[in-house]
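Novice: only geometry, no sequence info:
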């Protein structure tokens, strides 16, 4: 019988029943990008853009390196190996065989690597901008998101195979927890991309609620259906909030000094992100709703979910925004006393006033749009999440 020179990840039932090393490595890759992204924004706000070779950038691009290792390994062993089990758990793309998640993560890694010289050129051509949503940053973030989606699919395929084969319940639970953890980091990535819309001084305007209505219900619904866990939305939202609060508590422990001017605020330590949006509350409301509407038609569930998400988010975040702009929130936990080195004294951030707040029909119409977007997103997420339950390769 012919043998392969490559180790096969599905060689025997004992290995198949355990969590493969590449899944742990994938979760580490997504974690590294999440830490690096938060660190990089803090670096820009505290020090400025002084070099490409910062530790924060290295943490971000370590995600791409780890993704390359995972994808390369899976493509080699499934293309040139001789395991029937491996072939059954892979798809064919351009003559290479690997699980679907490996190809998605590979594309994300390529996008991340491409964004690096693009970002350097962009800064050289247009200046040292610190915007999140610029073309090279968008490409980088989309690459990171694709790596995260690819890892989610790798975990999901292993989880679905474990369920179908009635493997160890402990293995299934471990994979399910990893799926929810990476899903929580994915939610954090969604909120990272919306950072410029959800700044605390903008929380009395329509734009942050419309942005979150578009970006969040679709992911919560997808993760809930795919994970088979009744508290999936709450769990993933909690991961996002815990990571963000840890950033507030940890980053200011490290000294930092601006290297670019003009300096309008005397920064002496790393500046953390703003306090996270309280999305865990509407996420809990969605979980409770979905547990009680299993017999409803999908379009009915989606319609109610969008309006419920925006209504609960509005009820908890609107008054909480008032608290965040008050002196009572200037402490280590809420971290509203930290400002960028280039924050002007007369800026809305330093003056702690809302930026162009909306009222009346403008506010009502905007929230209605956000709810409709949330309903559409929920329907898409529920449909896609149900399909994800069948993914085994």
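Specialist: Looks like it arrived, so ask away. Everything numeric here is computed off the predicted structure, so don't read it as measured data. Residues are numbered from 1 along each chain as shown.
Novice: According to the record, where do the domains of this protein fall?
Specialist: For the chain, automatic domain parsing gives the domain ranges 17-193, 197-393.
Novice: what's the burial count for the residue lying closest to residue 223 once chain neighbours are set aside?
Specialist: Sequence neighbours aside, residue 183 is the residue nearest to residue 223 in space, at 4.4 Å (criterion: C-beta to C-beta, 6 or more residues apart in numbering). Bear in mind the C-beta positions are built from the backbone N, C-alpha and C, glycine included. Neighbourhood size, residue 183 [other C-beta atoms under 10 Å]: 30.
Novice: ranking the domains of the chain by mean pLDDT, which is last?
Specialist: Across the domains of the chain, domain 17-193 has the smallest mean pLDDT, namely a mean of 81.
Novice: Can you list the buried residues in stretch 182-198?
Specialist: Residues 182-194, 197-198 are the ones in stretch 182-198 that count as buried (16 or more other C-beta atoms under 10 Å).
Novice: Please flag which of these sit within strands.
Specialist: Counting by DSSP state E, no part of those is found in strands.
Novice: Identify the farthest-apart pair in those residues.
Specialist: 182 and 197 (24.0 Å; C-beta to C-beta).
Novice: about what we covered before: from the buried residues of stretch 182-198, which is closest to residue 259?
Specialist: The closest of the buried residues of stretch 182-198 to residue 259 turns out to be residue 192 (C-beta to C-beta; 23.8 Å).
Novice: Once you drop chain neighbours, what's closest to the closest one?
Specialist: residue 37 (5.8 Å).
Novice: so the one you found, which of the three states?
Specialist: Following DSSP: H, G, I helix; E, B strand; the rest coil, residue 37 is assigned to helix.
Novice: Count the neighbours of it for me.
Specialist: A total of 25 residues lie near residue 37 under the criterion other C-beta under 10 Å.
Novice: give the contact list for it.
Specialist: 56, 60, 144, 189, 192 (C-beta atoms under 8 Å, 6 or more residues apart in numbering).
Novice: Pretty sure the first one sits against residue 40.
Specialist: Yes - contact status for residue 56 versus residue 40: in contact at 3.8 Å, counting by C-beta atoms under 8 Å.
Novice: follow-up on the earlier one: okay but the residue nearest to residue 223 is in contact with residue 229, surely?
Specialist: No - under the criterion of C-beta under 8 Å, residue 183 makes no contact with residue 229, lying 9.8 Å away.
Novice: so residue 97 sits in a strand?
Specialist: Yes - Residue 97: assigned to a strand according to three-state DSSP.
Novice: helix, strand or coil for the nearest residue to residue 335 once chain neighbours are set aside?
Specialist: Leaving out its chain neighbours, the residue that sits closest to residue 335 by C-beta to C-beta, 6+ apart is residue 248, at 4.1 Å. Following three-state DSSP, the label given to residue 248 is helix.
Novice: List the buried residues in stretch 351-358.
Specialist: Neighbour-count burial for stretch 351-358 flags 352, 354, 358 (criterion: 16+ other C-beta under 10 Å).
Novice: would you turn the residues you listed into a markdown table with distance to residue 300?
Specialist: Below are the buried residues of stretch 351-358 laid out as a markdown table (distance: C-beta to C-beta, whole Å):
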| residue | distance to residue 300 |
| --- | --- |
| 352 | 43 |
| 354 | 36 |
| 358 | 30 |
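Novice: Quick one: those residues as a markdown table, columns for distance to residue 33 and secondary structure too.
Specialist: Converted to a markdown table, these look like this (distance: C-beta to C-beta, whole Å; DSSP: H, G, I helix; E, B strand; the rest coil):
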| residue | distance to residue 33 | secondary structure |
| --- | --- | --- |
| 352 | 32 | coil |
| 354 | 32 | coil |
| 358 | 34 | coil |
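Novice: What is the nearest of these to residue 316?
Specialist: For the buried residues of stretch 351-358, the nearest to residue 316 is residue 354 (17.0 Å; C-beta to C-beta).
Novice: Just give the closest residue to that closest one, not the sequence neighbours.
Specialist: Excluding the flanking residues, the one nearest residue 354 by C-beta to C-beta, 6+ apart is residue 204, at 4.4 Å.
Novice: Pull the number of nearby residues for that neighbour.
Specialist: 20.
Novice: for the one 4 residues further on, same thing?
Specialist: Residue 208 has 23 neighbouring residues, counting by other C-beta under 10 Å.
Novice: so how far is residue 67 from it?
Specialist: Remark: distance between residue 208 and residue 67 (C-beta to C-beta, to the nearest Å) = 31 Å.
Novice: do the same with residue 313
Specialist: For residue 313, the distance to residue 67 equals 33 Å [C-beta to C-beta].
Novice: who has more neighbours, those two?
Specialist: Ranked by neighbour count (other C-beta under 10 Å), residue 313 and residue 67 place residue 67 first, with 32 against 26.
Novice: could you list every residue that touches that one?
Specialist: Contacts here follow C-beta under 8 Å, 6+ apart; on that basis residue 67 touches 26, 29, 105, 106, 108, 109, 112, 147, 150, 151.
Novice: Grab the nearest non-local neighbour of it.
Specialist: Leaving aside its chain neighbours, residue 67 sits nearest to residue 109 (4.1 Å; criterion: C-beta to C-beta, 6+ apart).
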